[in-house]
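give me coordinates for this.
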Amino acid sequence: MGATHVIQRGGIYHFRRAVPSDLLHLIGRTEIWKSTNSRRHHDAMILVRRWSAAFDQLIFQVRSGFVLDAEIKFAVSDFLRIMLEGFEARRAKWAERDLNAEELAKTYEEKQQSRLMALDRAQNLRMKLAVSQEDSTVTRLTDYLIRTHGFKLAPDTDQYREMRREVAAEYITMWETEAERAVGNYDTPYDLARRINAIADITSPPVESETPVLSELIEPYLIAKNAEKKLQPQTISDKRRAIQQFVLIVEDKPTGQLIAGDIHRYLDAMRKLPASPATSDKFKDKTIPEMLAMAVEDSERQAEGTIDKKYKEIKTFCRWLKSNKHNPDVVTDEIRFVISDGQKASDKKNAYEVPVDLEMMAIGLVAVRIKFNKKGVVVPNKTFLDRPERHWVPLLATFSGFRLEEACQLLTTDIIKIDGIWCANCDWYDDNGNAVKRLKNINAKRIQPLHQTLLDLGFLEFWNQMKVAKHERLFHRLTPNKTTGKLQANFASWYNGHNGLTDYNKLKAPGFERIFIDDDPLKSFHSTRHTFCTALGHTDINDRMLSDLMGHSKATIAGKTYTKEQLIKAKAEEINGIDYGVDFVGILGHWDDWH
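Below is the predicted model:
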């Protein structure tokens with residue numbers, strides 16, 4: 001790498017620099033890797049020097065106690081969120097009360113009064129700011145946030161004054177938002193930008209209507225869907241947000257007035273809307289009509305796969321309206337959203353380039369095993385020793401074609417030997433018949449032979465260690481996500497990186513794949529399956545056998561019915577025919593060498 005922090009790979013120069021330990025909490029990774037997109041050394045060095053100087057400045061600021069602007073913005077906006085959630089929780093308790101007509105009218109008056117008080121607070125603070133008058137509440141809040149977040153800001157510094165201005169601005173936003181919410185209006189700039197779900201509330205005496213409006217049927221629809229099939233909380237939330245966005249675009253009209261033209265209008269708007277308005281300075285606090293009127297670059301728009309997924313939910317919602325006699329005439333099945341190249345978003349991922357990308361994967365897996373101690377001596381990385389999935393999951397996917405969740409959820413009892421061939425059993429159940437795993441679909445259930453390279457790398461020795469330690473799962477430190485229940489979340493963040501905003505900065509934290517393999521956005525962990533599939537396609541493999549190995553269809557191969565042993569042997573021959581041209585064993589060594 002050298003003192004210039006530049007490295008050439010594939011003819012392209014890259015900036016690469018190690019992150020000091022005291023910056024890891026901000027950057028989230030041990031290295032920064034960024035492509036200059038240039039093959040000319042002179043042009044690349046201009047960018048490298050500029051980025052290196054900016055990084056030096058960041059190091060200086062952190063070590064001198066300087067607080068980053070992004071840290072201040074996060075602390076203040078998080079305070080605003082917590083306060084509004086508190087108001088909302090209190091309102092939820094009000095909504096649970098069974099009120100008579102007199103109490104209902106009184107509640108309506110109280111909420112109107114709350115709105116006026118909130119607006120008065122916001123207006124008073126605006127007036128003070130206009131004449132540069134300090135507000136004691138804002139000062140106390142600023143001091144409180146400085147203490148709770150451990151910021152080193154003296155009251156006579158410019159940063160302290162900037163933070164106080166941030167607190168004042170968010171304080172005004174809080175009261176203006178609460179003023180509208182108090183009377184049931186959740187179409188504020190704050191709510192529209194963040195897609196916040198309104199809690200059902202009584203804001204005025206009810207008005208009878210012949211047909212309900214769309215928004216009134218969102219919760220009944222979700223309850224019905226959850227009754228049909230138990231849904232994860234995150235799934236319910238995603239469905240709710242998709243339908244709420246639909247209602248915002250087509251307007252909250254009576255269900256009987258929903259027509260095919262509204263569906264076309266929704267799809268047209270979805271093609272134009274940005275992907276993440278709440279995290280973009282350009283679109284933050286903008287309503288949907290305002291965003292539609294803006295110039296949205298192609299790179300800022302939602303992925304077609306995302307639009308397709310949301311539209312499928314809208315079609316299901318409309319079918320439910322039709323089946324429940326809310327709108328017998330609404331038609332969505334004939335209105336299709338066609339992705340430009342006819343592919344799903346996951347299918348657009350590129351395969352890894354063989355052998356260069358896979359060689360970099362092997363080198364990267366060696367690099368994460370070690371670290372330098374304070375004396376500059378290479379020692380084993382304890383994180384690697386405690387996280388064997390970071391070694392084995394990429395290799396299992398590369399050599400046996402496992403999906404990420406399939407590899408992460410493997411049990412020690414899933415590793416079996418059939419007619420002398422070591423395999424991994426990919427299904428739902430443990431040895432007691434309990435469904436403790438999940439599959440994408442029924443076709444994903446299969447017994448997958450293990451490539452000889454995995455055995456040569458010491459996979460069976462690792463498996464035996466987990467058995468002796470009496471771990472139920474091979475990768476026992478992976479824990480289910482609280483909302484989705486999947487085991488892959490932490491590993492996916494480590495491998496793919498954080499694609500969204502981090503807590504305290506707007507840097508996109510690169511993962512293992514970006515640091516060591518490639519910074520191509522169309523490459524991710526799923527690229528291992530594409531690589532596996534491509535390698536199989538280079539042989540004379542039967543199409544149905546290929547589908548079975550990929551978990552895409554059941555195993556009646558080209559009209560021929562195999563016995564279990566014959567099928568395993570045929571699959572093992574195809575898998576062991578894969579040769580990526582990389583000496584994985586020579587680069588990585590045996591598992592026991594590191595344990």
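
flag every buried residue along stretch 421-438.
421-426, 430, 437 (16 or more other Cβ atoms under 10 Å). Yep, even glycine has a C-beta here, placed from its N, CA and C like the rest.

make a markdown table from those and add distance to residue 412 and secondary structure to it.
Listed next are these as a markdown table, based on distance: Cβ to Cβ, whole Å; DSSP: H, G, I helix; E, B strand; the rest coil:
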| residue | distance to residue 412 | secondary structure |
| --- | --- | --- |
| 421 | 18 | strand |
| 422 | 13 | strand |
| 423 | 14 | strand |
| 424 | 11 | strand |
| 425 | 11 | strand |
| 426 | 14 | strand |
| 430 | 10 | coil |
| 437 | 13 | coil |
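
which one of these sits closest to residue 552?
residue 426 (12.8 Å; Cβ to Cβ).

what's opposite that closest one in the beta bridge?
residue 446 (DSSP bridges).

wait, it touches residue 444, no?
Yes - between residue 426 and residue 444 there is a contact under Cβ atoms under 8 Å: 6.5 Å.

intersection of neighbour lists for the two?
406, 551 (Cβ atoms under 8 Å, 6 or more residues apart in numbering).

number of residues surrounding residue 170?
20 (other Cβ atoms under 10 Å).

which SS state does it fall under?
helix (DSSP: H, G, I helix; E, B strand; the rest coil).

per-residue pLDDT, it?
If you check residue 170, the pLDDT there is 80.

what's the neighbour count on residue 592?
The number of residues near residue 592, taken as other Cβ under 10 Å, comes to 10.

for it, helix, strand, or coil?
Taking three-state DSSP, the label given to residue 592 is helix.

wouldn't it be in contact with residue 461 here?
Yes - using Cβ under 8 Å, residue 592 is in contact with residue 461, at 5.5 Å.

strands along the chain, start to end?
6-9, 12-18, 31-35, 370-372, 378-380, 415-418, 421-426, 446-449 (DSSP state E).

most tightly packed of the ones you listed?
strand 446-449 (a mean of 22; mean count of other Cβ atoms under 10 Å).

that one - contacts with which helices or strands?
Contacts defined by 3 or more Cβ pairs under 8 Å, 6 or more residues apart in numbering; DSSP states H and E place strand 446-449 against strand 421-426, helix 543-550, helix 564-576.

dump the strands of the chain to a markdown table, plus distance to residue 386 and mean pLDDT.
Compiled in a markdown table, the strands of the chain are given as follows (distance: least, Cβ to Cβ, whole Å; pLDDT from 0 to 100):
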| stretch | distance to residue 386 | mean pLDDT |
| --- | --- | --- |
| strand 6-9 | 29 | 84 |
| strand 12-18 | 22 | 84 |
| strand 31-35 | 20 | 80 |
| strand 370-372 | 13 | 68 |
| strand 378-380 | 11 | 67 |
| strand 415-418 | 21 | 93 |
| strand 421-426 | 23 | 93 |
| strand 446-449 | 27 | 92 |
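
of those, give the one that comes closest to residue 540.
strand 446-449 (18.1 Å).

contacts for the closest one?
400-402, 416, 418, 421-426, 548-549, 551, 555, 564, 568, 571-572, 575-576.

may I have it exported as PDB, CA atoms only?
Extracted C-alpha coordinates of strand 446-449, given in PDB (Å, rounded to 0.1, in the frame of the first residue of the first chain):
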ATOM      1  CA  ARG A 446     -32.700 -30.400  -0.300                       C
ATOM      2  CA  ILE A 447     -29.700 -32.400   0.700                       C
ATOM      3  CA  GLN A 448     -26.600 -30.700  -0.600                       C
ATOM      4  CA  PRO A 449     -23.200 -32.500  -0.900                       C
END
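
wait, residue 527 sits on residue 351?
Yes - between residue 527 and residue 351 there is a contact at 5.7 Å, judged by Cβ under 8 Å.

looking at the two, which one has more neighbours?
A count of neighbours by other Cβ under 10 Å puts residue 527 above the other of residue 527 and residue 351, at 23 against 18.

return stretch 384-397 as CSV; C-alpha atoms alone will do.
These are the backbone C-alpha positions of stretch 384-397, laid out as CSV (Å, rounded to 0.1, in the frame of the first residue of the first chain):
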residue,chain,number,x,y,z
PHE,A,384,-12.3,-14.3,14.3
LEU,A,385,-12.0,-17.1,16.9
ASP,A,386,-15.4,-16.2,18.4
ARG,A,387,-17.1,-15.7,15.0
PRO,A,388,-16.4,-18.8,12.9
GLU,A,389,-19.4,-17.9,10.6
ARG,A,390,-17.3,-15.1,9.1
HIS,A,391,-14.9,-17.8,7.8
TRP,A,392,-17.3,-20.6,6.9
VAL,A,393,-20.5,-19.0,5.6
PRO,A,394,-18.9,-17.4,2.5
LEU,A,395,-17.1,-20.6,1.7
LEU,A,396,-20.3,-22.7,2.1
ALA,A,397,-22.1,-20.4,-0.2
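
show me how far that stretch is from its chain's centre.
Centroid separation for stretch 384-397 versus its chain: 21 Å, with Cα atoms, centre = their mean, to the nearest Å.

buried ones in it?
Applying 16+ other Cβ under 10 Å to stretch 384-397 flags 384, 387-397 as buried.

which one of the residues you listed is nearest to residue 44?
Among those, and counting by Cβ to Cβ, the member closest to residue 44 is residue 394, at 29.4 Å.

thought the closest one was touching residue 365?
Yes - using Cβ under 8 Å, residue 394 is in contact with residue 365, at 7.1 Å.

what about residue 470, how many neighbours?
Around residue 470 there are 8 other residues, counting by other Cβ under 10 Å.

let me see the contact set for it.
Residue 470 neighbours (Cβ under 8 Å, 6+ apart): none.
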